[in-house]
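Colleague: predicted model follows, preceded by the sequence.
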Amino acid sequence: MPRILTYNVHRCVGTDRRLDVGRVAEVIARLEPDIVALQELDVGRARTGGVDQAHQIAQRLKMAFHFHPALRVEEELYGDAILTAYPERIIQTGPLPGYAPIPKLEPRGALWISVEIEGRPVQVMNTHLGLVPKEQQLQASCLAGPAWLQHPMRHGPTILLGDFNATGSSVVYRTLNTRLEAARRLAPVKSPTSTFPSALPVLRIDHIFVSPEIVVEDVFTPFDPLTRVASDHLPLVMDFSVA
């Protein structure tokens, strides 16, 4: 049964303030996922030792990866990635809209790949939305519109996941729910899915949304000594099959 997870890794700096790419990779490896969506990765940034975190994690997991830099500062990059051991191909990467009244907000983006599972293409989109509600709403509308979820190439089994910085009662959640279903609502067993803050998770701001062809078997957040310290978020994991 395929397993996918989304994980905001906080540039691989844990709640103990220690930079440790290997620890983040260990969290992921223990969960044995087939597809991994990561947010807040540093690539070549001085603050994290100039390491290509996306490449290092993918190498440790023996997976291929695609990285999209939402933010560029000269040679330094910061953004999101999708990793997988399945056959895959990149479909699209791109920025999401900002909020003009606040011009210096951190840039946000999304990344879309097609993954082949048992001979069927599954569309996987990873994103990390902003912190300002008006900004989030613009970004969610963009994702729900013709550039992404209504794109002519977006058909068949689809998974949208990431850090949405918005709870299940938000406009963002409702906007995306018009196109896809929240996976946690479809899970046969309702396990805890709060992801933030990792030490004492009380907020569900990381989400997985799925099309009708995705059969959700389980959705959960692993809460143990390692996941509590490796990042300020917990991973959100989904087991599924393709109908």
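Modeller: Cool, the structure landed. Residues are numbered from 1 along each chain as shown.
Colleague: contacts and neighbour counts: CA atoms only from here.
Modeller: OK.
Colleague: can you pull out the helices in the chain?
Modeller: Counting by DSSP state H, the chain has helices at residues 21-31, 53-61, 133-144, 171-177, 183-186, 225-230.
Colleague: contact partners for L129?
Modeller: R108, G109, Q136, Q139, A140, D163, F164, N165 (CA atoms under 8 Å, 6 or more residues apart in numbering).
Colleague: let's see that with 7 Å instead.
Modeller: Applying CA atoms under 7 Å, 6 or more residues apart in numbering to L129 gives the contacts R108, Q136, Q139, D163, F164, N165.
Colleague: near the fifth one, how many other residues are there?
Modeller: F164 is flanked by 21 other residues according to other CA atoms under 10 Å.
Colleague: hmm, who's touching stretch 221-231?
Modeller: Outside of stretch 221-231, the residues that reach it under the criterion CA under 7 Å, 6+ apart are 9-10, 12-16, 23-24, 27, 192-193, 195, 198-199, 234-237.
Colleague: whoops, stretch 143-150 was the one
Modeller: Under CA under 7 Å, 6+ apart, the answer for stretch 143-150 is L176, R179.
Colleague: which secondary element of the protein has the worst mean pLDDT?
Modeller: Every helix and strand in the chain was compared by mean pLDDT, DSSP states H and E; the lowest is strand 64-73, with a mean of 95.
Colleague: give the other helices and strands that that strand contacts.
Modeller: When contacts are defined as 3 or more CA pairs under 7 Å, 6 or more residues apart in numbering; DSSP states H and E, strand 64-73 sits against helix 53-61, strand 76-84, strand 108-117.
Colleague: would CSV of the ones you listed with distance to A182 and mean pLDDT be doable?
Modeller: Shown next, in CSV, are the helices and strands packed on strand 64-73 (distance: least, CA to CA, whole Å; pLDDT from 0 to 100):
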stretch, distance to A182, mean pLDDT
helix 53-61, 27, 98
strand 76-84, 20, 97
strand 108-117, 18, 98
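Colleague: find the centremost residue of this structure, please.
Modeller: With distances taken as CA atoms, centre = their mean, G162 lies nearest the centre of the chain, 2.8 Å away.
Colleague: shouldn't that residue be in contact with D206?
Modeller: Yes. Between G162 and D206 there is a contact at 5.7 Å, judged by CA atoms under 7 Å.
Colleague: which residue is most remote from the mean position of this protein?
Modeller: Distance-from-mean max, the chain, by CA atoms, centre = their mean: P101 at 26.9 Å.
Colleague: what about that one, distance to L131?
Modeller: 14 Å (CA to CA, to the nearest Å).
Colleague: repeat that for E118.
Modeller: To L131, E118 is 37 Å away according to CA to CA.
Colleague: what residue ranges in the protein are flagged as low confidence?
Modeller: For the chain, no stretch is flagged by pLDDT under 70.
Colleague: rerun that using 90 as the cut-off
Modeller: 73-75, 103-104 (pLDDT under 90).
Colleague: kindly reformat the helices of the chain as JSON lines containing distance to D80.
Modeller: Shown next, in JSON lines, are the helices of the chain (distance: least, CA to CA, whole Å):
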{"stretch": "helix 21-31", "distance to D80": "15"}
{"stretch": "helix 53-61", "distance to D80": "8"}
{"stretch": "helix 133-144", "distance to D80": "16"}
{"stretch": "helix 171-177", "distance to D80": "19"}
{"stretch": "helix 183-186", "distance to D80": "21"}
{"stretch": "helix 225-230", "distance to D80": "17"}
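Colleague: can I get those in TSV with distance to Q123 and mean neighbour count?
Modeller: Shown next, in TSV, are the helices of the chain (distance: least, CA to CA, whole Å; neighbours: other CA atoms under 10 Å):
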stretch	distance to Q123	mean neighbour count
helix 21-31	21	18
helix 53-61	20	19
helix 133-144	14	21
helix 171-177	16	19
helix 183-186	15	19
helix 225-230	27	20
